[in-house]
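*Asks:* Predicted model follows, preceded by the sequence.
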Amino acid sequence: MEPKHFKPHALYQAISFALLPLCYATITHANSEQIQQLATIQVNASSVDSRYAAQNVAIQGFGTQSLKEIPASVSVVTSERMADQHAKLLTDVVKNDAAVGDAYAPIGYYPNFITRGFSLDQGSSYLINGHTVRGEQNVALENKDQIEILKGISAIQSNVSTPGGVVNYVTKRPKDIHNITLDADNYGDNTISADVGGFLGTQQQLGYRVNLAQQAIRPYVEHSNGQRSFGSVALDWNISERSQLQFDLESQRQQQRSVAGYELLDGKTVPSDINSDRLLGYQSWSKPVTMTSLNTSVKYNYKLNDDWAMSLSAAHSKVRIDDYSAFPYGFYADGTYDIYDYQKPNDARTTDELNANLTGYFQTGKLEHHLNMALTQTQKNQKQYKSINKWIGTGDIYTNTTDLSPSSASLGPYYKSLDSQQTGMSVQDLIQWNTQWSTLMGGKWLHLNEKAYNADGTENRHTQMDKFLPQMALMYRPWKNTHFYASYAKGLADGGQAPWYDENADEILAPIESIQYELGLKQQIQNFLFTAAIFDLTQQNQYSWLNIQNNKQYFIQQGKQHNLGLELSLSGDITQNLAITSSVAWTRSRLEGVDAADLMNHQTQNTPKLRAAAHLSYAIPQMEGLRLLGGVQYSARKYANKTGSVSVPSYTIFDAGLAYTFKLYSHDSTLRFNVDNLLNKKYWRDAGGYLGDDYLFLGAPRTAKLSFSFNF
């Protein structure tokens, strides 16, 4: 049963202090017997340029970390690729995967994304080193080694999560490095970052990695300048040959005015003849959105013997958002819109997580078993003010607005809107039947105890449930580097929050279930990997529904969303000099079984039927250290409203650049230059919904980026 009063901070501290005697005893034993540090794992590159290839993933739950053997669709973006693309935000990263698109990702705010036609969930779809973190933040990339995007149901990885999948940030581990990087673009945006690491101790048993960054944010949109400060530390303590302690902490503060999206004019027409650099609703007295975040974790690894290992970990993630915005809303046919004074300070969201994991290998007769068992306790809560959202005047999309008088309204009470406790226990057994056939059998039992509250402190929902979420796969390997799989999984996602205009405004509904079937192929061809996946995915649907009996609208659960899709990808080294990552995603997305007939029989909002992406790096043989970079992104048209009556057109975007690695005063240095959106295409990158409303966001115009990285 769930503890009556779960205190994650206390348990977090308890684990930390419980480890201290063990660590002390181990150190004493190590000093007396001169135990050496953990053996170094040496990885040799298979070709000259393997910058875009990843062989393994850190994400757990499949009985293997080999990318070519995992029975799921996973894409990996390496730190080298992020550096080549001058990536600062996850928005800059997901363009490498055709299955992922923006889903309300404004400049100056925290973004979200849509995968396989389903939006990710900010409370459960984002991980750092496998631990759940708050998605209401722009997770920094300076200390990330790679980003793993798992597409599809991911109950094993993150308890309650949407069927779109999860994004796992993998942090850089300690190494001998002293690096400084300067980065700037033609709009004046500039960042200075440092990456410093090394090892301490007589046996170099303590490794450290420190990353720092300071950014002057200068986007292409007027009045939206800001700043960002970031710092992180990673520690690896090799206590003995069998035990290791890992610690990670990162903190960030970002201040920037958010850039609101457009809406359909009179709900029927996509705006035209507009400037991409205009900040809608600008008021000189409005404040930048301030987001402060803290993500930290501690993990103890212990190798019981050659076949069995265990780990204990605790993690804490907290985000605070202070939002004082002049927000444009309600766009009319002539291009005018209303302006609202929106105030919601101290919006605090916290996730605490404890995890115990046991992995091992054993045999029963001729069968080989790779067992994984995990016990996870997660607590999430949200505290907020009853916000101010008052009309103060009007503006129009073609001219700059004049200053209006801010609202004199006072904030409502500060209250806890959500308290969710989740206990998950998963067991998975990867069974190798012979050299060709294997199965993955298991799942997660999940206990949920969740309460949602009104602004006056009264409880509006109490959900308690126990669910078993199976995850199974059958794998067949006819040849050494060819892997087929068929998988089945169930998932559970957080319920949605009712829009402000519904009768049950701000109410958070109960969690919803999903089911997925998937067929896949993974083919390793020399130094590159080809993957293909076909999926059938359904999830219970929640939406705003009009009750014709009283002519009032409510946010309810009804029907389901049914998505079918095909995903293809190719990544790695095509030749000794050419590295590429490319993907294609075809998705058919429909609502079924809802009373509103105009929501069915067409593609769902913001989900193009076809999307493609490719990025390459070509090392010029005649000039050592020089590489040519290129990229292309394509999206078919997509609907900009729920009824499918209005769409935004398809687009193709080209990127080009170069990277030059050389010696400067005997030190390794790299100069990178890129031009994104080379042809200066004006396009709608995002046509999704947020809290019941539909928004349109323009893509960035042509942008030139320059960076210099120096190892000292």
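*Replies:* Great, that's in hand.

*Asks:* which residues in the stretch 101-250 of the chain form helices?
*Replies:* For the stretch 101-250 of the chain, applying DSSP state H, counting those that start in this stretch gives helices covering 155-158.

*Asks:* Please apply the same query to the chain.
*Replies:* Per DSSP state H, the chain carries helices over the ranges 8-33, 79-84, 90-93, 155-158.

*Asks:* Using PDB, list the CA coordinates for the last one.
*Replies:* Pointing back at helix 155-158 there. Taking C-alpha atoms only, helix 155-158 is exported to PDB below (Å, rounded to 0.1, in the frame of the first residue of the first chain):
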ATOM      1  CA  ALA A 155       5.400   2.700 -19.400                       C
ATOM      2  CA  ILE A 156       8.500   0.800 -18.400                       C
ATOM      3  CA  GLN A 157      10.700   3.900 -18.800                       C
ATOM      4  CA  SER A 158       8.500   6.500 -17.100                       C
END
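
*Asks:* contacting residues around it?
*Replies:* With contacts defined as CB atoms under 8 Å, 6 or more residues apart in numbering, helix 155-158 is touched by 59-61, 124-125, 127, 130, 132, 150, 161, 166, 168, 426, 428, 442-444, 446, 469, 471, 489-492. For the C-beta atoms, the positions are set from N, CA and C on the backbone; glycine is no exception.

*Asks:* Now do the buried residues in stretch 280-291.
*Replies:* Leu280, Gly281, Tyr282, Gln283, Ser286, Pro288, Val289, Thr290, Met291 (16 or more other CB atoms under 10 Å).

*Asks:* Ignore what I typed, I meant stretch 529-541.
*Replies:* Leu529, Phe530, Thr531, Ala532, Ala533, Ile534, Phe535, Leu537, Thr538, Gln539, Gln540, Asn541.

*Asks:* Show the contacting residues for the residue nearest the centre of the chain.
*Replies:* In the chain, the residue lying closest to the centroid (CA atoms, centre = their mean) is Val167, at 3.8 Å. Contacts here follow CB under 8 Å, 6+ apart; on that basis Val167 touches Leu90, Phe113, Leu120, Ser125, Tyr126, Leu127, Ile147, Glu148, Ile149, Leu150.

*Asks:* Where does pLDDT dip in the stretch 1-150 of the chain?
*Replies:* Low-confidence segments of the stretch 1-150 of the chain (pLDDT under 70): 1-50.

*Asks:* ok, which stretches of it are strands?
*Replies:* Counting by DSSP state E, counting those that start in this stretch, the stretch 1-150 of the chain has strands at residues 73-78, 100-102, 113-115, 118-119, 126-128, 131-132, 144-151.

*Asks:* Which of those sits closest to Leu678?
*Replies:* Closest to Leu678 of those, according to CB to CB: strand 100-102, at 20.2 Å.

*Asks:* Adjacent strands (with direction) for that closest one?
*Replies:* The pairing partners recorded for strand 100-102 under DSSP bridges are strand 113-115 (antiparallel).

*Asks:* quick one: contacts of the strand it pairs with?
*Replies:* Residues contacting strand 113-115 (CB under 8 Å, 6+ apart): 90, 94, 99-103, 105, 119-120, 149, 151, 164-165, 167, 606-607, 688.

*Asks:* picking up where we left off before, so which of the buried residues of stretch 529-541 comes closest to Asp668?
*Replies:* Among the buried residues of stretch 529-541, Leu529 lies closest to Asp668 (CB to CB), at 28.3 Å.

*Asks:* Show me what the closest one bridges to in the sheet.
*Replies:* Beta-bridge partners of Leu529, as defined by DSSP bridges: Gln524, Ser571.

*Asks:* Next, the contact list for it, please.
*Replies:* Neighbouring residues of Leu529 by CB under 8 Å, 6+ apart: Ala53, Leu67, Lys68, Lys522, Gln523, Ser569, Leu570, Ser571, Gly572.

*Asks:* 7 Å instead?
*Replies:* Taking CB atoms under 7 Å, 6 or more residues apart in numbering, we find Leu529 in contact with Leu67, Lys68, Lys522, Ser571, Gly572.

*Asks:* Would you check which pair of these lies furthest apart?
*Replies:* Taking CB to CB, no two of the contacts of Leu529 sit farther apart than Lys522 and Gly572, at 12.0 Å.

*Asks:* ok, back up a step: as CSV, the strands of the stretch 1-150 of the chain with mean neighbour count and distance to Phe708 would be great.
*Replies:* As requested, the strands of the stretch 1-150 of the chain are exported to CSV (neighbours: other CB atoms under 10 Å; distance: least, CB to CB, whole Å):
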stretch, mean neighbour count, distance to Phe708
strand 73-78, 25, 20
strand 100-102, 24, 30
strand 113-115, 27, 30
strand 118-119, 24, 37
strand 126-128, 26, 28
strand 131-132, 27, 34
strand 144-151, 23, 20
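
*Asks:* want to try CSV for these, with distance to His178 as columns?
*Replies:* Output for these, formatted as CSV (distance: least, CB to CB, whole Å):
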stretch, distance to His178
strand 73-78, 21
strand 100-102, 34
strand 113-115, 34
strand 118-119, 41
strand 126-128, 24
strand 131-132, 29
strand 144-151, 17
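
*Asks:* nearest to Tyr501, of the ones you listed?
*Replies:* So among the strands of the stretch 1-150 of the chain, strand 118-119 is nearest, using CB to CB, at 19.7 Å.

*Asks:* So what are the sheet partners of the closest one and their directions?
*Replies:* strand 113-115 (antiparallel).

*Asks:* for the stretch 201-350 of the chain, what spans make up the strands?
*Replies:* Under DSSP E, counting those that start in this stretch, the stretch 201-350 of the chain gives strands at 206-217, 226-238, 243-256, 289-303, 308-331, 336-364.

*Asks:* Turn the ones you listed into a markdown table, columns for mean pLDDT and distance to Gly692.
*Replies:* Shown next, in a markdown table, are the strands of the stretch 201-350 of the chain (pLDDT from 0 to 100; distance: least, CB to CB, whole Å):
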| stretch | mean pLDDT | distance to Gly692 |
| --- | --- | --- |
| strand 206-217 | 98 | 29 |
| strand 226-238 | 98 | 28 |
| strand 243-256 | 98 | 25 |
| strand 289-303 | 98 | 21 |
| strand 308-331 | 96 | 12 |
| strand 336-364 | 96 | 15 |
